[in-house]
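Peer 1: After the sequence you'll find the predicted model.
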Amino acid sequence: MQWADPTRWAGDWFLAAAPQPHWFFDTLTFVGSSLGILDLVYVLFWCAGLAAFGLAVSFLSRKWAPSTPWLFGTATTVLASLSPWMVVGTGSSMLALAIPAVVSANLVFLFIAAALTGRSTWMLAAAVLTAVVHVQQGAVVAVLLAALIVVHAIRRRSVPRATAVTLAATAAIVAAGLTARPVAANTGDFVDICNDLIAYHCAAQFWGVPAVMFSLAIIGLALFTAVYERPGNRAVWAAAVGLPMVGLLLGLMANVLSVPFFGELAQGLNVYRLGALVLPFAVMGVLLPVFRLGMRSLPTVLLLLVLTWEYVLDGSWEPVIPASAAFAAAYLVAVLVPVFLRSRSQRTAVLATRLCASALIVLFLGTAAGSGGLTLRGLNPEYIPNTDLREWGEAVEDVVPAGESLLAPPMAAYVRAVTYRGVIADCKNIPYGVLRGLNGSSASTIWAEWTSAGNPTPGCTTA
């Protein structure tokens, strides 16, 4: 926005010294602001992420639930949409926000789904787009591309040329983005930031037992999606799904247990970015008994129910899905009936799946509507949808000269957005990266400069 109007946030320390690494999003914002269509640009950007999610779900639905793909896709979408917004330290890909983290998470999901279903063109396109939208998720995709190349080389004794070229392009985009706008001067800085300011995001040693158990359950459910795959394709699943899930699990536990070196390494590398990949696969893991498992897999069903209890039924989805005996009983009926009937005829199994999957969808939607967690409302695509805040911000902008900063409560992150003026302290602005071109030095650490001035953001929670 400042590119389009230099008076906005003029003199803002954060904007000048520690810009976020999302160069593509900044470009979109500049174009939208310059043309006066920022609202439309953001809506289209968000819709692109939703389209990627929908495409990924459709790919996997046809492969993992060929008899009932529409129900599988609908159930996955409904449960994912109602799930809590925080997933193992990172925001859900279902958040109604036009931000790089949300769109890139859905692009990574599309990448993985395309890899699992043999759609190489979609896979390679999603890889490059992910790196463009979010450099950190682009780095994740680059690792997954390398793993897929290894699997292909072992199985077919050749290197897929298109995948190798895409890996090189993805890595180049990531390297260029991180060189232009480093995420942190060093891992030690980022660890300090995690521990002092954003513990909810990347300091699991402070989360508490319920949050850790919730995270372990959701990772475990995602790992169970291996059951959907035929044995011949599980090597691809291991590279595309198993690798990031196991990496997240190991990083989480190293951090929770404060394992020397590895705990801080997990924080410094921000292993929690992998949390963005978990949600859709965890939901599909929840749906396994309904769409796939029978009495021969009863131990697996029981273990899935234990994980689902921790993930959904014990109140983790409140207030959208309140914990109640009635909901839990209805859920168990919808899940277990197809398990018991699947050992009979194919026709009976398909009918039971269709009826119980439909009942499960209605159960979740009805419960969410009844609790007030799901309401119908029109789409408001305005950048600042709250009219009162918008008018107040315009009044402040008229009174406070460009280049001046405001002193506001640090937790009131909206002040900076609605006034287009810098603020002294803001919990959404955490200084990290490398100071470039401001003091004539390219090696001065932003975090060190900030903390040496005695400025750890006051009033920001670390819980």
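Peer 2: That came in fine, so what should we check first? Numbering: from 1, shown residues only.

Peer 1: Any buried residues in stretch 371-379, and which?
Peer 2: Residues of stretch 371-379 classed as buried by neighbour count (16 or more other C-beta atoms under 10 Å): 371, 374. Where you see a C-beta, it was placed from the backbone N, CA and C, and this is true even at glycine.

Peer 1: Endpoint to endpoint, that stretch covers what distance?
Peer 2: 21 Å (C-alpha to C-alpha, to the nearest Å).

Peer 1: repeat for stretch 237-251
Peer 2: End-to-end distance for stretch 237-251, by C-alpha to C-alpha: 20 Å.

Peer 1: what pLDDT, on average, does that stretch get?
Peer 2: Averaged over stretch 237-251, pLDDT sits at 96.

Peer 1: all helices for the stretch 301-450 of the chain, in order.
Peer 2: In the stretch 301-450 of the chain, the helices defined using DSSP state H, counting those that start in this stretch lie at 325-341, 346-371, 387-399, 414-419, 446-452.

Peer 1: For the second one, name the packing helices and strands.
Peer 2: Put plainly, it is helix 346-371. Here helix 346-371 touches helix 69-82, helix 288-291, helix 325-341, going by 3 or more C-beta pairs under 8 Å, 6 or more residues apart in numbering; DSSP states H and E.

Peer 1: Most tightly packed of those?
Peer 2: Using mean count of other C-beta atoms under 10 Å, the stretch among the helices and strands packed on helix 346-371 with the largest mean neighbour count is helix 288-291, at a mean of 24.

Peer 1: Report the rounded mean pLDDT for that helix.
Peer 2: Averaging pLDDT along helix 288-291 yields 96.

Peer 1: Does anything pack onto it? Which helices or strands?
Peer 2: By 3+ C-beta pairs under 8 Å, 6+ apart, helix 288-291 packs against helix 298-308, helix 325-341, helix 346-371.

Peer 1: Skip the chain neighbours and tell me the closest residue to residue 350.
Peer 2: Distance criterion C-beta to C-beta, 6 or more residues apart in numbering; nearest residue to residue 350, sequence neighbours excluded, is residue 67 at 5.2 Å.

Peer 1: how near is the spatially most central residue of the chain to residue 40?
Peer 2: Residue closest to the average C-alpha location in the chain (C-alpha atoms, centre = their mean): residue 276, at 2.8 Å. Distance, residue 276 to residue 40, using C-beta to C-beta, to the nearest Å: 26 Å.

Peer 1: do residue 374 as well
Peer 2: Residue 374 sits at a distance of 26 Å from residue 40 (criterion: C-beta to C-beta).

Peer 1: Kindly report the same for residue 167.
Peer 2: Residue 167 is 34 Å from residue 40, by C-beta to C-beta.

Peer 1: Could you check which of those two is surrounded by more residues?
Peer 2: Applying other C-beta atoms under 10 Å to residue 167 and residue 40 shows that residue 167 carries more neighbours, namely 21 against 12.

Peer 1: isn't the more buried one right next to residue 143, touching?
Peer 2: No. Proximity of residue 167 to residue 143 does not meet the contact threshold set by C-beta atoms under 8 Å, at 9.5 Å.

Peer 1: Quickly find the element holding residue 293.
Peer 2: Using DSSP states H and E, residue 293 is not contained in any helix or strand.

Peer 1: Grab the nearest non-local neighbour of it.
Peer 2: Per C-beta to C-beta, 6+ apart, closest to residue 293 is residue 301, 5.3 Å.

Peer 1: Assign the residue nearest to residue 350 to helix, strand or coil.
Peer 2: Secondary structure state of residue 67, per DSSP: H, G, I helix; E, B strand; the rest coil, is coil.

Peer 1: Pull the number of nearby residues for it.
Peer 2: Residue 67: 12 neighbours (other C-beta under 10 Å).

Peer 1: ok, now how distant is it from residue 7?
Peer 2: Residue 67 is 60 Å from residue 7, by C-beta to C-beta.

Peer 1: Likewise for residue 157?
Peer 2: For residue 157, the distance to residue 7 (C-beta to C-beta) stands at 61 Å.
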